[in-house]
Each structure stands twice: as structure tokens, then as C-alpha cells.
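Visitor: Sequence plus the predicted model coming up.
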Amino acid sequence: MAESGSKACWFALGVLLGTVAGGALACSARATAGQRELRQPDAPLLPADVTSDQVLTDAATDVVEYRGFVIHVFCHALGMGRFKALCDIWESGAVVLEGGAPPTAHPTPDEARAAAIAWAQQWVQRNG
């Protein structure tokens with residue numbers, strides 16, 4: 001009988017030590033996460049003078065109606081002198097294509113928007 005009590009004692013000690021070690025690791029992980037830099041690794045790099053290349057947001061920069069479809073164009077800065085525009089295409093109030101775009105970057109936001117609009121119009125001609 002003394003032997004089974006000894007096993008239970010060792011088991012309880014193991015559970016207690018496991019709980020303490022787990023708690024210490026969790027606290028350490030929280031502290032490390034709090035010290036990490038809060039930056040997305042894929043965040044676009046903006047030029048130092050953002051006014052020179054226009055500040056670009058997630059709001060649609062252009063909304064174009066074409067053959068009963070509505071094209072929403074979003075322009076994003078990829079870095080110094082590199083812009084890409086994406087578009088969502090809507091029909092009857094529903095998204096039929098989300099995030100479509102030509103596969104190239106452009107030197108100005110206007111060129112990127114124009115390329116995305118032309119691409120979306122071709123998509124509508126083929127699929128509309």
C-alpha cells in the first residue's frame with residue numbers, strides 16, 4: 001500500500017512541475033510577443049515624401065461603369081516609383097471578380113489605374 005501512495009505522490013509532483021513550467025513558458029511567450037515590432041512583413045514601402053507620389057488608401061480610387069458592370073479600382077504603392085492597381089468587378093450589386101489586375105507594376109499611380117481599367121474592360125468583354 002505504501003508503494004501506491006508513493007507513485008501518486010510522484011505523479012502529483014510531475015503534474016505540479018509541468019504546470020509551473022507551462023505557466024513560465026506562457027509568460028515568456030507573452031513578453032516576447034509584446035516586444036516584437038508590430039510591422040507586417042509584406043507592408044508596402046512608401047517613399048519618404050509621400051506627397052510626391054500621392055497618398056494611396058484602401059478606398060477605391062476610381063469607379064467606372066462599363067457594359068452594366070461597375071469596376072472599382074484600388075491603387076497601391078509597392079515602393080519607390082512602383083505602383084499596382086487591383087480591381088473588383090460588380091454586377092447587379094454582387095462581386096463577380098475580386099482583386100483582378102494585370103500582372104505588372106507601373107511607374108505612376110495613373111498608369112497603374114489606366115492599365116487596371118483596361119484589363120477590367122477586357123475581362124468584362126470576355127466574361128460578361
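Guide: Right, received. Where do you want to start?
Visitor: any idea of the mean pLDDT for stretch 94-107?
Guide: For stretch 94-107, mean pLDDT is 92.
Visitor: Other residues contacting that stretch?
Guide: Contact with stretch 94-107 is made by 69, 78, 81-90, 112, 115-116, 118-120, 123, 127, as judged by Cβ atoms under 8 Å, 6 or more residues apart in numbering. No exception for glycine: its C-beta is placed from N, CA and C like everyone else's.
Visitor: Following element in sequence after the least confident helix or strand in the chain by mean pLDDT, please.
Guide: Across the helices and strands of the chain, mean pLDDT, DSSP states H and E gives its lowest value to helix 2-35, namely a mean of 65. The element immediately downstream of helix 2-35 (helix or strand, assigned by DSSP states H and E) is strand 62-66.
Visitor: Can you tell me the strand partners of that following strand and which way each runs?
Guide: Taking DSSP bridges as the criterion, strand 62-66 forms sheet pairs with strand 69-79 (antiparallel).
Visitor: Just the buried residues of the partner strand, please?
Guide: For strand 69-79, burial by neighbour count (16 or more other Cβ atoms under 10 Å) applies to 69-77.
Visitor: a markdown table for those residues, including distance to S6?
Guide: As requested, those are exported to a markdown table (distance: Cβ to Cβ, whole Å):
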| residue | distance to S6 |
| --- | --- |
| F69 | 78 |
| V70 | 76 |
| I71 | 76 |
| H72 | 72 |
| V73 | 74 |
| F74 | 69 |
| C75 | 72 |
| H76 | 67 |
| A77 | 69 |
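Visitor: and which of the residues you listed is nearest to V63?
Guide: H72 (5.5 Å; Cβ to Cβ).
Visitor: Please look at that closest one and A59 and confirm they touch.
Guide: No. Using Cβ atoms under 8 Å, H72 is not in contact with A59; the gap is 9.4 Å.
Visitor: how does the chain divide into domains?
Guide: Residue ranges for each domain of the chain read 1-38, 62-127, as given by automatic domain parsing.
Visitor: Quick one: end-to-end length of the last one, please.
Guide: Okay, so that is domain 62-127. One end of domain 62-127 sits 21 Å from the other (Cα to Cα, to the nearest Å).
Visitor: Good, wrapping up.
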